[in-house]
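Q: Sequence and predicted model, in that order:
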Amino acid sequence: MKWRKQALKVEVTADDQLSRVFGALADPTRRQILARLAEGEATVNELAQPFSISMQAISKHLKVLERAGLISRGRSAQWRPSRLEVGPLEDANEWIDRYRETWNEKFERLDLEIQRLKNTTQGDKNDG
């Protein structure tokens, strides 16, 4: 049992960046910020405009996104524009795609089995 816990711990550590990405994406405010940054760079003030939350709260959201690698923050004179970083989103998408392929295969097999059962049932009705 002890080995299993250690193996799980290693797995969590290996996916730590992925965990930060999914954790950051779990919040709708952060997803809206990313959607805005998909249009181009923006300052903290520009990102805060559509929200009725404090600048401190926006800054906390930006820190979470930055720790997850989803945004980077530059420095241009007194401005610190934020920009979207797509690499972590691509990594998350690749992780999801692995499971999507598995589930699609399972659904295809299920569809074939359902079709087989329907054909069998229809054959029984025609025989009776």
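A: On my side now, so go ahead.

Q: Could you look up the next helix or strand downstream of the lowest-mean-pLDDT helix or strand in the chain?
A: The least trusted helix or strand in the chain, going by mean pLDDT, DSSP states H and E, turns out to be helix 2-14, with a mean of 48. Beyond helix 2-14 in the direction of the C-terminus, DSSP states H and E gives the next helix or strand as helix 16-25.

Q: can you list the residues that contact that following helix?
A: Outside helix 16-25, the residues within contact range by Cβ atoms under 8 Å, 6 or more residues apart in numbering are 12, 30-31, 34, 64-65, 67-70, 88-89, 91-92, 95. All C-beta atoms are positioned from the backbone trio N, CA, C, and that covers glycine.

Q: List the buried residues of stretch 86-96.
A: Judged by neighbour count (16 or more other Cβ atoms under 10 Å), stretch 86-96 contains these buried residues: Pro88, Leu89, Ala92.

Q: what's the helix or strand for the last one?
A: So the one you mean is Ala92. If you go by DSSP H and E, Ala92 is part of helix 87-127.

Q: Just name whatever secondary elements that helix is in contact with.
A: For helix 87-127, the packing partners by 3 or more Cβ pairs under 8 Å, 6 or more residues apart in numbering; DSSP states H and E come out as helix 16-25.

Q: distance of the most centrally placed residue in the chain from Phe51?
A: Closest to where the C-alpha atoms of the chain average out (Cα atoms, centre = their mean) is Phe22, at 4.8 Å. Plainly put, Phe22 is 22 Å away from Phe51 if you go by Cβ to Cβ, to the nearest Å.

Q: now do Thr121
A: Separation of Thr121 from Phe51 (Cβ to Cβ): 56 Å.

Q: Looking at those two now, which is surrounded by more residues?
A: Set Thr121 next to Phe51 and count neighbours by other Cβ atoms under 10 Å: Phe51 wins out with 14 against 10.

Q: Just confirm that one is within a helix.
A: No - Phe51: not assigned to a helix; according to DSSP: H, G, I helix; E, B strand; the rest coil it is coil.

Q: Look at it and report its pLDDT.
A: Each residue has a pLDDT score; the one for Phe51 is 95.

Q: Pretty sure it sits against Ile58.
A: Yes - the criterion here is Cβ atoms under 8 Å, and Phe51 meets it with Ile58 at 6.6 Å.
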